[in-house]
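Asker: Everything below, folded, please.
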Amino acid sequence: ATKIPAVRDVSSIPQIRDDLKGVPQDVDIPKRDIMDYIIHNYGDFAYMEQVTSDVGNNIVLQPYEYQLDLTQLDFGHRDWFKGAMSKMDAHISEVYISSSLGKPVVAISHPVLDDNGTPSAVLMGALTLDSLNELSKSLTIGETGKAYLVDQLGAVAAHPNGEYTDDIYSALDVPMVVKAMAGETGVGQFYDPLEGKEMLAAYMPIGDTGWSMIVEQAPEEAFAPIKKTMTMIIIAAVILLIIASLISLWVAGYISKPIKNLKLASDKLAAGDVDVELNKASNDEIGDLTASFRVMADNIKKQSNAAERIVQGDLSIEVEPRSDKDVLGISMKSVVATLRELVNETKVLTEASSNGDLNTRGNADAFQGGFRDIVDGINNTLDGITAPLNITLSYIKKIANGEELDAIENTFEGEYSVLIDNLNMVRESLYTLLDEGFKLTGAAANGNLSYRADVSKLKGEYAKIVDGINETLDSVTAPIQEAAIVQNLKFH
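Answerer: Numbers count the residues shown, from 1 in each chain. Reported below is the predicted structural model:
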């Protein structure tokens, strides 16, 4: 538009009137027609204005009634004026309160050059933040994801929540905004004062415009699939521990069978039935022998009852050997002590796992034989769980801190393999999103406003982000292309 003859014609500058804050309505009619054409065909512009190149005095403001509402004549102090004159090229201004509308707007300005290449005026179009807010609302990710823009001073220029653009709202207390304004690009987990909670955010500067884009989502939603998998792993660990406990009880029952066989053999030896009441029939040798059998039967009954309580899981029983030669009594006492230690060791592992501590291991050295194999088996089970879990926790921490992510070599099987594959897919999506963002900002920095990101490389909500950025560039470059078409029509 700045190359159209009617726009380059600044012969009306002497007719600027202070009371009209510019030239009269019947002056510069062709220029006003061009402005009306752009405003009516590109609804994002609220009004257009042309000012002198020396001090920024208003020449024409269209619609004309907005010109009459001006409270000042000179706009040389505005960022859109200074930026266009210093760059001698197109400039996107900071957010400011419009004198005509009395609310925040953003201006796109460009110097008007005469035949000698000397600036004779500055042409600008004012965008209300409402249209940018609508665009921001369309860039949603799931339930909590959103994207918003800030200008070169850190003021919110577009946000799904219109309250942040009703007036000039500074976002300099948002960590990712500060990083993006410093020229940094990355991903991390930060506290966002606008949301009042921790958010997972990607941030980047937009070319050399001084503006920045923030894309964020609540961590609980972003990591929901990973957390679900972790929960399944923990549940599986608890189930395995319960199974191990049941196995230990079964082993106790299995050990008691030889004791029962010994009881049956002793019963047969002592007249075939331990429940037989043996009464001392006489005081002779036969009576003494009978009394000895009765003592032996009573002892076997006691040992049998003790074995039955052990099988039922009652380890509170106290077995007292009758002498240091009582091999059965001593063995049963040792079994009870060993089973108590095994149960206690299992409880320690179960409680630690329930509290999220998967690094605790049973003391296998405290047991021998099959008991040691049980504790070793539980420890090996936990090792198999914690290996992929530790890799997952470390990877999530790197994602939250915005650190460089290396692809994980997947040597696991089953659900653990699915978990690692999901982490690698998260990495691929994030790096693809950043790569497309770098290409866009790089192209914009080199003046190539026709370049668009390849949406086909991304899926779901990530694709919507890149598509939204492409649409934003389309909405900004379309007026410039239309103006070029009008200029060619004028020339021909």
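Asker: what about A400, neighbour count?
Answerer: By other Cβ atoms under 10 Å, the residues close to A400 number 17. For the C-beta atoms, the positions are set from N, CA and C on the backbone; glycine is no exception.
Asker: Skipping its backbone neighbours, what lies nearest it in space?
Answerer: Spatially, and ignoring its direct neighbours in sequence, A400 is nearest to Q189 (3.8 Å; Cβ to Cβ, 6 or more residues apart in numbering).
Asker: Equivalent analysis for E345, please.
Answerer: Spatial nearest neighbour of E345, excluding adjacent residues (Cβ to Cβ, 6+ apart): G362 at 4.7 Å.
Asker: what's that neighbour sitting at in phi/psi?
Answerer: Main-chain dihedrals, G362, degrees, to the nearest 10: phi -70, psi 150.
Asker: ditto for E49
Answerer: phi -150, psi 150.
Asker: Identify the residues contacting it.
Answerer: When contacts are counted by Cβ atoms under 8 Å, 6 or more residues apart in numbering, E49 touches 58, 60-62, 75, 123-126.
Asker: Among those, which one is most surrounded by other residues?
Answerer: When neighbours are counted by other Cβ under 10 Å, L61 leads the contacts of E49 with 28 neighbours.
Asker: which residues does it form a beta bridge with?
Answerer: With DSSP bridges as the criterion, L61 is bridged to E49.
Asker: That one against S100, yeah?
Answerer: Yes - using Cβ atoms under 8 Å, L61 makes contact with S100 at a distance of 7.0 Å.
Asker: residues bridging contact with the two, i.e. touching both?
Answerer: Here L61 and S100 have 47, 67, 70 as joint contacts, going by Cβ under 8 Å, 6+ apart.
Asker: where along the stretch 351-492 of the chain do the strands fall?
Answerer: For the stretch 351-492 of the chain, applying DSSP state E, counting those that start in this stretch gives no strands.
Asker: In it, what residue spans correspond to helices?
Answerer: For the stretch 351-492 of the chain, the helices defined by DSSP state H, counting those that start in this stretch occupy 369-401, 414-445, 460-491.
Asker: Out of the ones you listed, which is closest to V150?
Answerer: The closest approach between V150 and any of those, judged by Cβ to Cβ, belongs to helix 460-491 at 14.1 Å.
Asker: just checking, what packs against the closest one?
Answerer: Where contact means 3 or more Cβ pairs under 8 Å, 6 or more residues apart in numbering; DSSP states H and E, helix 460-491 is packed against helix 29-41, helix 129-138, helix 414-445.
Asker: now with 6 Å?
Answerer: helix 414-445 (3 or more Cβ pairs under 6 Å, 6 or more residues apart in numbering; DSSP states H and E).
Asker: Show me how far the helix it packs on is from its chain's centre.
Answerer: Relative to its chain's centre, helix 414-445 lies at 13 Å (Cα atoms, centre = their mean, to the nearest Å).
Asker: Can you list the buried residues in that helix?
Answerer: Neighbour-count burial for helix 414-445, counted by 16 or more other Cβ atoms under 10 Å, picks out 416, 419-420, 423-424, 426-427, 429-430, 432-433, 436-437, 440-441, 443-444.
Asker: Need phi/psi at the residue nearest to A400.
Answerer: According to degrees, to the nearest 10, Q189 has phi -110, psi 120.
Asker: wait, isn't it in contact with L200?
Answerer: Yes - proximity of Q189 to L200 meets the contact threshold set by Cβ atoms under 6 Å, at 5.2 Å.
Asker: tell me, what's touching the two both at once?
Answerer: P219 (Cβ atoms under 6 Å, 6 or more residues apart in numbering).
Asker: any idea which helix or strand of this protein has the worst average confidence?
Answerer: The weakest-scoring helix or strand in the chain, judged by mean pLDDT, DSSP states H and E, is helix 224-269 (a mean of 52).
Asker: Contacts for stretch 319-331, please.
Answerer: If you take Cβ under 6 Å, 6+ apart as the criterion, stretch 319-331 is touched by 303, 306, 332-333, 336.
Asker: Mind putting those residues into TSV with secondary structure, neighbour count and pLDDT?
Answerer: What follows is those, written out as TSV (DSSP: H, G, I helix; E, B strand; the rest coil; neighbours: other Cβ atoms under 10 Å; pLDDT from 0 to 100):
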residue	secondary structure	neighbour count	pLDDT
Q303	helix	21	71
A306	helix	22	73
M332	helix	22	75
K333	helix	17	78
V336	helix	20	79
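Asker: Could you identify the most distant pair in these?
Answerer: Q303 and V336 (12.3 Å).
Asker: Quick check: N424 vs I141, distance?
Answerer: 20 Å (Cβ to Cβ, to the nearest Å).
Asker: what does I408 give?
Answerer: Per Cβ to Cβ, I408 is found 24 Å from I141.
Asker: give the contact list for G468.
Answerer: The contact partners of G468, by Cβ under 6 Å, 6+ apart, come to L139.
Asker: Y462: neighbouring residues, count only.
Answerer: Around Y462 there are 20 other residues, counting by other Cβ under 10 Å.
Asker: Thanks a lot, see you next time.
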